[in-house]
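K.L.:
model the structure of this input:
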Amino acid sequence: MNTTLKTILLTVLTLSVLTIALIEVSGISQKTMATIFKSKQEKKKEEKIKETKKEREDKMKAMEKTVILVKESEHNFGEMVDGDKVSHTYIVENVGDKALFIANVQTSCGCTVPAFSEEPIFPGATGTVTLEFNSAGKRGNVNKKALIVANASNAPYPISFTAEVQAK
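P.N.:
Reported below is the predicted structural model:
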């Protein structure tokens, strides 16, 4: 290889390492970098999700209060291997006398994705909240919490799960 080519390659390598070091030192996370470089389509999708959440929360606030009950609000997944994905469905009961409307389920971490009954749950009826947990990068004893945001006098209602994540 000639000297000029070696110099160019060494310069490119040095600048790459320097850039990575500056990003690490500055505290910019991968998530922040991804946010900066998101496509217009991804940004529109996120805005639509935020808009839907706001609409559901506004609808919930306008509704009369009821009472929510989750008999088994804690779940133990037991042992799993780093990278496993598991889910658990919690049974949500409306023990009040007005329709129960779940506006949102807030999770404590991006590793936990919620899904929930979107239609009103009438008095005496049940609905569901499902939490899906991705254990990738989570090792040891994991304890995650979520809050069910609803038109209930005892909301936000806490639910949780634990797991023991083993290395691969």
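K.L.:
ok, now how distant is the most centrally placed residue in the chain from E132?
P.N.:
In the chain, the C-alpha nearest the mean C-alpha coordinate belongs to G110, at 3.7 Å (CA atoms, centre = their mean). To E132, G110 is 12 Å away according to CB to CB, to the nearest Å. C-beta coordinates here come from the backbone N, C-alpha and C atoms, glycine included.
K.L.:
which helix or strand in this protein has the lowest average pLDDT?
P.N.:
Sorting the helices and strands of the chain by mean pLDDT, DSSP states H and E puts helix 30-36 at the bottom, at a mean of 64.
K.L.:
now do the strands in this structure.
P.N.:
68-69, 74-81, 85-94, 102-107, 112-116, 126-134, 140-150, 157-166 (DSSP state E).
K.L.:
to Q41, which of those strands lies closest?
P.N.:
Q41 lies closest to strand 112-116 among the strands of the chain, at 20.3 Å (CB to CB).
K.L.:
neighbouring strands - and their directions - for that closest one?
P.N.:
Strand 112-116 pairs in its sheet with strand 126-134 (antiparallel), by DSSP bridges.
K.L.:
just put the strands of the chain in a markdown table and tack on mean neighbour count and mean pLDDT.
P.N.:
Formatted as a markdown table, the strands of the chain follow (neighbours: other CB atoms under 10 Å; pLDDT from 0 to 100):
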| stretch | mean neighbour count | mean pLDDT |
| --- | --- | --- |
| strand 68-69 | 19 | 96 |
| strand 74-81 | 14 | 95 |
| strand 85-94 | 18 | 96 |
| strand 102-107 | 20 | 94 |
| strand 112-116 | 17 | 94 |
| strand 126-134 | 18 | 95 |
| strand 140-150 | 18 | 95 |
| strand 157-166 | 18 | 95 |
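K.L.:
select, out of the ones you listed, the one closest to L10.
P.N.:
Among the strands of the chain, the nearest to L10 by CB to CB is strand 126-134 (40.0 Å).
K.L.:
show me what contacts the spatially closest residue to F77 that is not a sequence neighbour?
P.N.:
Closest residue in space to F77, ignoring its immediate chain neighbours: A163 at 4.0 Å, by CB to CB, 6 or more residues apart in numbering. The contact partners of A163, taken as CB atoms under 8 Å, 6 or more residues apart in numbering, are 76-80, 86, 133, 135, 138, 141-142.
K.L.:
same check on L18?
P.N.:
L18 touches nothing, counting by CB under 8 Å, 6+ apart.
K.L.:
what's the distance between it and G83?
P.N.:
32 Å.
K.L.:
quick one: pLDDT of K71?
P.N.:
pLDDT recorded at K71 is 92.
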